[in-house]
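Trainee: what's the 3D shape of this:
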Amino acid sequence: MAIVKLHFMMAGKAPTLDAILLPMAKMTREDVLKLAKLARLNLTDSELDEFAREFTDILQYVEQLQTVDVEGLDPTNQVTGLTNVMRPDEVIDYGYEPAELLKNVPTVQDNQLKVKRMIA
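Mentor: Presented below is the predicted three-dimensional model:
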């Protein structure tokens with residue numbers, strides 16, 4: 001893959017998706033091992049073999065998708081027709097002051113709820 005990128009860089013062209021994916025149609029154990037190291041994953045030998053097969057299947061499917069003729073089709077980025085489903089922000093006065101509500105909680109710090117740490 002690095003050779004493909006270097007070739008295009010030397011030619012002054014941006015590599016196409018075809019040029020990048022076609023040489024990678026088959027993932028080897030070594031390719032998966034490099035990805036696992038980058039992701040800091042410890043994979044067993046059987047997992048390396050399994051992921052190599054699965055990644056190869058995925059890349060072959062992407063190659064198959066790239067052969068589909070999409071000439072004249074508009075890109076689809078939204079299929080429901082909805083444009084904005086958000087409501088406007090409105091301040092609603094429920095008749096309580098924050099200080100009154102904070103009286104009901106066990107621990108308060110700087111006018112905020114204090115809770116136990118959630119993330120280790």
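
Trainee: State the next helix or strand along the chain beyond the lengthiest helix in the chain.
Mentor: Identified as the longest helix of the chain according to DSSP state H is helix 45-66. Downstream of helix 45-66, the next assigned helix or strand under DSSP states H and E is helix 98-102.

Trainee: buried residues in that next one?
Mentor: Residues of helix 98-102 classed as buried: none (neighbour count, 16 or more other C-beta atoms under 10 Å). In short, each C-beta sits where N, CA and C put it, glycine included.

Trainee: got it, and stretch 27-41?
Mentor: Under the neighbour-count criterion of 16+ other C-beta under 10 Å, stretch 27-41 has 27, 31-32 buried.

Trainee: burial measure for residue 53, as a count.
Mentor: Counted with other C-beta atoms under 10 Å, residues neighbouring residue 53 total 13.

Trainee: I'd like to know which elements the longest helix of the chain is packed against.
Mentor: helix 17-21, helix 29-38 (3 or more C-beta pairs under 8 Å, 6 or more residues apart in numbering; DSSP states H and E).

Trainee: comparing those helices, which gets the lowest mean pLDDT score?
Mentor: Mean pLDDT is lowest for helix 17-21 among the helices and strands packed on helix 45-66, at a mean of 55.

Trainee: chain center to stretch 47-57, what's the gap?
Mentor: Relative to its chain's centre, stretch 47-57 lies at 20 Å (C-alpha atoms, centre = their mean, to the nearest Å).

Trainee: show me where pLDDT drops low in the protein?
Mentor: Across the chain, the ranges flagged by pLDDT under 70 are 1-24, 120.

Trainee: redo that, cut-off 90
Mentor: Where the chain drops to pLDDT under 90, the residues are 1-26, 63-67, 70, 73-88, 98-99, 111, 116-120.

Trainee: Tell me which residues are up against stretch 94-108.
Mentor: For stretch 94-108, contacts defined as C-beta atoms under 8 Å, 6 or more residues apart in numbering pick out 111, 113-115.
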